[in-house]
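S.K.: Quick one, what's the 3D model for this:
(one chain, ligands or ions: 1)
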Amino acid sequence: MDSGERPQLRRGDTPLYAMLLLAWILFSVSLFVLVLRGTWENIRSEFQADAEADIELLRDRLRTNEALLAGFAAFLGAVESPTDAQLADFAERLLADNPHIYSLEVVDKVSAAERSAFERKLAARLGEPVRIGRFDFDDGGRRLPVADKPVYYPIAFMWPDTPRARRVLGLDVDSVPYVRDALQRARRSGAAVSSPPFALTEGALAYVMLRRATGSPPDDAVRAAAAPERLAQLIVKAGSLRPGRSDPRTAHTLYAIGEAGPLQPPLFDMPAVLPTSPHERRLLPQISMDLEDYSASPPIRLSVSRQMRFVDVPVEPLALAAFLACGSLAVLVWHLRRHRAAVAREHENHERASHSALHDPLTGLPNRRLLQDRVGEAAAHWRRSGEGFALFFVDLDRFKEVNDRHGHDAGDVVLSTVAAHMRGSVRETDTVARIAGDEFVVLLPGVMEHAAAVPIAAKLLAAVAQPVELRDGLVLRLTASLGVSVCPGDGDDPEELIRRADAAMYDDKRAGDTGSHGTLLEVRAVARAPRLRVIRKLVRVPGGAVVPGGRKKVARGRS
Ligand SMILES: Nc1nc2c(ncn2[C@@H]2O[C@H](COP(=O)(O)OP(=O)(O)OP(=O)(O)O)[C@@H](O)[C@H]2O)c(=O)[nH]1
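M.R.: Numbers count the residues shown, from 1 in each chain. The predicted structure follows:
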């Protein structure tokens, strides 16, 4: 790999990078979750504390109402037949201090036998005829006669004493559907009992609180029917329970939990004062909580909810989390780049080491080891496919003289130049190897006959004979000795084939030494036109046979 090349993502790295990316995503998500959860917990605990304070306040108010009712019942029980004036005085004081109480009433048990006397007494007080009756709730509260019963529970006293309020005097509480159950429970229990909420004639919501003023009725049914009973009754405005000062972001709904459960109209329903946008409702969560209290009358359920708003989102901690996430990503990327560069360097060193183990450092050509591999592969290919190959063993003639005359450096230049010329004279797919000092072997796949090898040998010799320019315009021309072996003609063992080509080359060299060729040509190439000299070259093959080669044209300068 080129050292300037950008390191590439390797397949083996992918799981590591995927794991690191996953780890980073987990880290970042956990960071954001941590920040959001912390904020959420803060808001939630603040919200819960507010809601608990609200229900505590409600409990206090309910207890206050119970205490007022208990005081009223105690007054009724303590004062034997209080006069209307005494009752009015007590009631007026109580209402003056507690404006959330709509009215204060006394309910008496009246048997069928006592009914006329009760109605007469009431008529005398009001100055008009009065009958124990009930309201027609389907017709605007018109007064209707009540069916004959053994016992009635009419309202005997009511305060404030307004003309509208007087209409309820003589109303049989036991005939009012939403109070009947509370009346009966109050008679039995002796504790404060509340009715479900109902709408007052003015429209406001209220509920009734009842408490027995007399002792508990005897168990015996006959004696119980005869025993006198009186109940204190308060009508409480439901709106009085609304928390006066509450978080404007929070919605409150209060239900009275009756015997039949909380499915009653809410005592109040206070939406949040601060509005929220549709986006906030869609994107952000809502906290809600139901708090129940059974300790007072009526038992209540307070439902509180708060829609989170964009202003609740913790900008600073989130920005810090984003900074940490981005910072960790930057560190990760930096570290990965360094890792990739180190891996690339290691890969490059490895490539370089394996290249130099198999290549000649001077010429860059494959060395003997790589040649042996390639010849082995070519032999295997021949066995598989039947396609043979030729080996050309080339040894420069009298190369030692180059070193001796011009120095070792010049010898190196000659070797690398001749190597380049030979390399350029054959195909890319052919192998040109330097196996020793001035010995080269060329492997040509597909050449299976000596006759076919001859023109190639001529081409190689021509390449060797190309002028090599040294310093100061000194030009050398070299000849070489060449031997050929072919597979399968000369066998298919790589070592044997190389050895045979070597032997053929040696024969050629010896023939050259007898003087027929192999001259080191040295010229000065100063302003001289080259002239062609034709060298007839014979190619030696194993066994000493001589095959006529092509005519090799060698450019030669004039001396
Ligand atoms: N400059 C240089 N010379 C080398 C290198 N390797 C081997 N030689 C020299 O090449 C010469 C080869 O000498 P010989 O094997 O006698 O070959 P020759 O002089 O061509 O003789 P013949 O082959 O018989 O023609 C020796 O002098 C080696 O020192 C090298 O890498 N660089």
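
S.K.: what's the helix or strand for the residue in the stretch 451-559 of the chain positioned nearest to the ligand?
M.R.: Among the residues of the stretch 451-559 of the chain, Lys509 lies nearest to the ligand; the distance is 5.8 Å by C-beta to the nearest ligand atom. Quick note: C-beta positions are derived from backbone N, CA and C, even for glycine. The secondary structure element spanning Lys509 is helix 494-511 (assigned by DSSP states H and E).

S.K.: Buried by neighbour count: which residues of that helix qualify?
M.R.: Burial within helix 494-511, assessed by neighbour count using 16 or more other C-beta atoms under 10 Å, is assigned to 494, 497-505, 507-509, 511.

S.K.: Sketch out the low-pLDDT regions of the protein for me.
M.R.: Using pLDDT under 70 as the threshold, the predicted model of the chain has low-confidence ranges 1-12, 137-141, 245, 259-263, 512-559.

S.K.: what's the next secondary structure element after the lengthiest helix in it?
M.R.: When every helix of the chain is counted residue by residue (DSSP state H), the longest turns out to be helix 14-78. The first helix or strand that comes after helix 14-78 along the chain, using DSSP H and E, is helix 84-97.

S.K.: give me the element Phe157 is part of.
M.R.: Secondary structure assigned from DSSP H and E places Phe157 in strand 155-159.

S.K.: Correction: the previous question concerned Leu324.
M.R.: Taking DSSP H and E as the criterion, Leu324 maps to helix 315-358.

S.K.: buried set for the following helix or strand past that helix?
M.R.: For helix 315-358, the succeeding helix or strand toward the C-terminus, using DSSP H and E, is helix 368-385. Using 16+ other C-beta under 10 Å as the test for burial, helix 368-385 gives 368, 370-372, 374-375, 378-379, 382.

S.K.: before we move on, what SS does the closest residue to Ile235 other than its chain neighbours have?
M.R.: Closest residue to Ile235 apart from its sequence neighbours, by C-beta to C-beta, 6 or more residues apart in numbering: Tyr102 at 4.2 Å. In the three-state summary, Tyr102 is assigned as strand, counting by DSSP: H, G, I helix; E, B strand; the rest coil.

S.K.: Contacts only, for Tyr102.
M.R.: 200, 204, 206, 235-237 (C-beta atoms under 8 Å, 6 or more residues apart in numbering).

S.K.: Just give me the neighbour total for Cys487.
M.R.: Summarising burial for Cys487: neighbours were counted as other C-beta atoms under 10 Å, giving 26.

S.K.: Spatially, what comes nearest to it if we skip its sequence neighbours?
M.R.: Closest residue to Cys487 apart from its sequence neighbours, by C-beta to C-beta, 6+ apart: Gly388 at 4.4 Å.

S.K.: And for Ala330, the neighbour number?
M.R.: Ala330 is surrounded by 10 other residues when neighbours are defined as other C-beta under 10 Å.

S.K.: and if you look at Gln86?
M.R.: 12.

S.K.: Could you check how far it is from Ala67?
M.R.: 20 Å (C-beta to C-beta, to the nearest Å).

S.K.: Next: Leu254.
M.R.: For Leu254 relative to Ala67 (C-beta to C-beta), the value is 20 Å.

S.K.: neighbour count winner among those two?
M.R.: Using other C-beta under 10 Å as the criterion, Leu254 and Ala67 rank with Leu254 on top: 24 against 11.

S.K.: mind listing what the nearest residue to the more buried one once chain neighbours are set aside touches?
M.R.: Nearest residue to Leu254 in three dimensions, chain neighbours excluded: Leu267, at 4.4 Å (C-beta to C-beta, 6+ apart). With contacts defined as C-beta under 8 Å, 6+ apart, the neighbours of Leu267 are 197, 205, 207, 238, 241, 254-256, 300.

S.K.: now Val447
M.R.: Val447 is in contact with 388-390, 453, 456, 486, counting by C-beta under 8 Å, 6+ apart.

S.K.: What about the residues you listed, which are in helices?
M.R.: When the contacts of Val447 are checked against helices (DSSP H), the matches are 453, 456.

S.K.: Show me the two of the contacts of Val447 that sit farthest apart.
M.R.: In the contacts of Val447, the most distant members under the criterion C-beta to C-beta are Gly388 and Ile456, with 13.8 Å between them.

S.K.: Can you tell me the strand partners of the helix or strand hosting Arg306 and which way each runs?
M.R.: Taking DSSP H and E as the definition, one finds Arg306 inside strand 300-307. In the sheet containing strand 300-307, its partner strands are strand 250-256 (antiparallel), strand 286-293 (antiparallel), by DSSP bridges.

S.K.: Mind putting the ones you listed into a markdown table with distance to the ligand?
M.R.: A markdown table is the format used below for these (distance: least, C-beta to the nearest ligand atom, whole Å):
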| stretch | distance to the ligand |
| --- | --- |
| strand 250-256 | 93 |
| strand 286-293 | 86 |
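
S.K.: Relative to Gly77, tell me which of the ones you listed wins on proximity.
M.R.: Smallest distance to Gly77 across the strands paired with strand 300-307 (C-beta to C-beta): 26.4 Å, for strand 250-256.

S.K.: for that closest one, which positions count as buried?
M.R.: Neighbour counts using 16+ other C-beta under 10 Å place 250-256 of strand 250-256 among the buried residues.

S.K.: repeat for stretch 442-453
M.R.: For stretch 442-453, the buried set under the neighbour-count rule, 16+ other C-beta under 10 Å, comprises 442-445, 447-448, 450, 453.

S.K.: Same question for stretch 81-89.
M.R.: For stretch 81-89, a neighbour-count test (16+ other C-beta under 10 Å) marks 82, 87-88 as buried.

S.K.: again, but for stretch 124-135
M.R.: When neighbours are counted by 16+ other C-beta under 10 Å, the buried residues of stretch 124-135 are found to be 130-135.

S.K.: Can you give me the neighbour number for Asp404?
M.R.: Residues near Asp404, counting by other C-beta under 10 Å: 11.

S.K.: So which other helices or strands are in contact with the helix or strand hosting it?
M.R.: Following DSSP H and E, one finds Asp404 within helix 399-406. Where contact means 3 or more C-beta pairs under 8 Å, 6 or more residues apart in numbering; DSSP states H and E, helix 399-406 is packed against helix 408-425, strand 474-477.
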